[in-house]
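Student: any chance you can model this:
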Amino acid sequence: MKLLKQSLLALLLVFLTSVAALADNSDAVVGVWKNGEGTGMIQIYKSGDKYFGRLVWLKVANNPDGTPRTDINNPNESARKKPLRGLVNMRDFKYVGDNKWEDGQIYDPKNGSDYSCEITLTDPNTLEVRGFIGVSLFGRTDVWKRQVKK
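Tutor: Sure, this is the predicted structure:
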């Protein structure tokens, strides 16, 4: 009986710690996250009262000739020679409470398109990133995993 009480107490402590970790913290999203495909890592950072993200790691960082991969699909021709690594691909997110950041934009270098975006921290190490056109109902969600905190 004593072992059962200790186990339940330990489980309750773990649960409460997890809930506390998700407490209303606007900077909880700051850190390095791996995208759902595992092809890139994005560092989310704060600038002023908004949040941004930049590509800091690519699974395939270089072209077959050894040169760094560039933003070849960018609709702006002058930007096509910029390296993907270091590219700011998330912009202008605002914290709205309840572990959500909204009103941002996300750029997909695979197709050179910008999308409206909102992100939700579902637990301390899991981020749901939803890109959409128009309304959030018509979009796609990718699940990112934390790699490095702040």
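
Student: quick check: residue 40 touching residue 53?
Tutor: No. Taking contacts as CB atoms under 8 Å, residue 40 lies outside contact range of residue 53: 10.3 Å. To be clear about C-beta, it is placed using only N, CA and C from the backbone, and glycine gets the same treatment.

Student: which of these two has more residues huddled nearby?
Tutor: Taking other CB atoms under 10 Å, residue 40 and residue 53 do not tie; residue 53 has more neighbours (26 against 21).

Student: can you pull the buried residues of the helix or strand in which residue 116 is found?
Tutor: Taking DSSP states H and E as the criterion, residue 116 maps to strand 113-123. Of the residues in strand 113-123, 115-121 count as buried by neighbour count, 16 or more other CB atoms under 10 Å.

Student: what does stretch 44-56 give?
Tutor: Buried, per 16+ other CB under 10 Å, within stretch 44-56: 44-45, 51-56.

Student: stretch 139-150 too?
Tutor: Buried residues in stretch 139-150, counted by 16+ other CB under 10 Å: 144, 146.

Student: with only the CA atoms kept, save that stretch in PDB.
Tutor: Extracted as PDB, the C-alpha positions of stretch 139-150 are listed here (Å, rounded to 0.1, in the frame of the first residue of the first chain):
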ATOM      1  CA  GLY A 139      -4.100  24.600 -44.200                       C
ATOM      2  CA  ARG A 140      -1.500  22.000 -43.000                       C
ATOM      3  CA  THR A 141      -0.100  21.300 -39.600                       C
ATOM      4  CA  ASP A 142       3.500  20.100 -39.100                       C
ATOM      5  CA  VAL A 143       4.700  18.900 -35.700                       C
ATOM      6  CA  TRP A 144       8.200  20.100 -34.700                       C
ATOM      7  CA  LYS A 145      10.300  18.700 -31.900                       C
ATOM      8  CA  ARG A 146      12.600  20.800 -29.600                       C
ATOM      9  CA  GLN A 147      16.300  20.200 -30.100                       C
ATOM     10  CA  VAL A 148      17.800  23.000 -28.000                       C
ATOM     11  CA  LYS A 149      16.100  25.300 -25.500                       C
ATOM     12  CA  LYS A 150      17.000  29.000 -25.900                       C
END
